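# What follows is a protein structure lacking sequence information:
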C-alpha cells in the first residue's frame with residue numbers, strides 16, 4: 001500500500017496528529033502506510049517488537065494467554081494510540097499478543113527508529129509516556145469492570161469503546 005500525500009498531511013491517528021509539526025515531520029520519512037487485515041497477528045507474547053503501529057481506524061486487541069491456553073483481552077488500541085508500547089518503557093519483548101479485530105490501515109514504523117526519535121524529542125517522549133499512563137488507567141478500570149460487572153455491562157463497555165475509537169455508531 002503506498003503512502004498518499006493526504007495521509008501524511010492529516011494523520012488519522014490521534015497520537016501522530018497532536019505531535020508538534022516539527023516532531024511529526026521528522027517521523028514522516030519513516031512511516032509506512034500498511035493494511036491490517038482482520039485476525040492478523042502483529043506480535044505474539046515473548047517475541048521482540050520489530051515494528052510499532054499507529055492505527056488509523058483499525059482496532060487491535062491486546063490479549064494475555066493463560067497457562068491453560070485461554071486468552072483474556074486486556075486492552076484495545078485504535079486511532080487513539082500505538083501498538084507496541086513496551087518499547088516506550090525500554091523493553092522490546094512483549095508479554096501479550098496483539099491481533100487485528102477490525103481491518104483498516106495503520107502507520108507502521110521500525111522500532112529502532114522510534115526509539116532513536118524518542119531519545120531526540122522530549123515532545124514525543126512526553127506524549128507517548130502520557131499515552132502509557134492512559135493505557136494503564138484503562139487496564140485498571142477494565143480489570144475492575146471485568147471483576148464486578150455482568151457480561152452484558154462488559155459487552156456494552158467494549159462496544160462503546162470501539163464505537164468511540166471508530167467515531168461511529
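Yes, it's here. Source: prediction; values computed, not measured.
# Check which residues of stretch 54-69 are buried.
54-63 (16 or more other Cβ atoms under 10 Å). The way it works is simple: take the backbone N, C-alpha and C, and place the C-beta from them, glycine included.
# could you pull out the strands for the protein?
Secondary structure of the chain (DSSP state E): strands at 32-36, 41-43, 51-55, 59-65, 71-77, 97-102, 104-110.
# what about these, which gets the closest to residue 154?
strand 71-77 (10.1 Å; Cβ to Cβ).
# what's the angle between that closest one and strand 104-110?
Between strand 71-77 and strand 104-110, the angle comes out at 90 degrees (axes from the mean of the first three to the mean of the last three Cα atoms, to 10 degrees).
# Tell me which other helices or strands strand 71-77 touches.
strand 59-65, strand 97-102, helix 122-148, helix 151-166 (3 or more Cβ pairs under 8 Å, 6 or more residues apart in numbering; DSSP states H and E).
# quick one: strands adjacent to the shortest one?
In other words, strand 97-102. strand 41-43 (antiparallel), strand 59-65 (antiparallel) (DSSP bridges).
# Looking at the strands of the chain, which is nearest to residue 129?
Minimum separation from residue 129 across those (Cβ to Cβ) falls at strand 51-55, 14.6 Å.
# Can you spell out which helices and strands pack onto that closest one?
By 3+ Cβ pairs under 8 Å, 6+ apart, strand 51-55 packs against strand 32-36, strand 104-110, helix 111-120.
# Can you tell me what sits against that strand?
For strand 51-55, the surrounding residues in contact (Cβ atoms under 8 Å, 6 or more residues apart in numbering) are 11, 13, 15-16, 31, 34, 36, 42, 60, 77-79, 81-84, 87, 104-111, 114.
# Buried by neighbour count, from those: which ones?
Using 16+ other Cβ under 10 Å as the threshold, 11, 13, 15-16, 31, 34, 36, 42, 60, 77-79, 81-84, 87, 104-109, 111, 114 are the buried ones among the contacts of strand 51-55.
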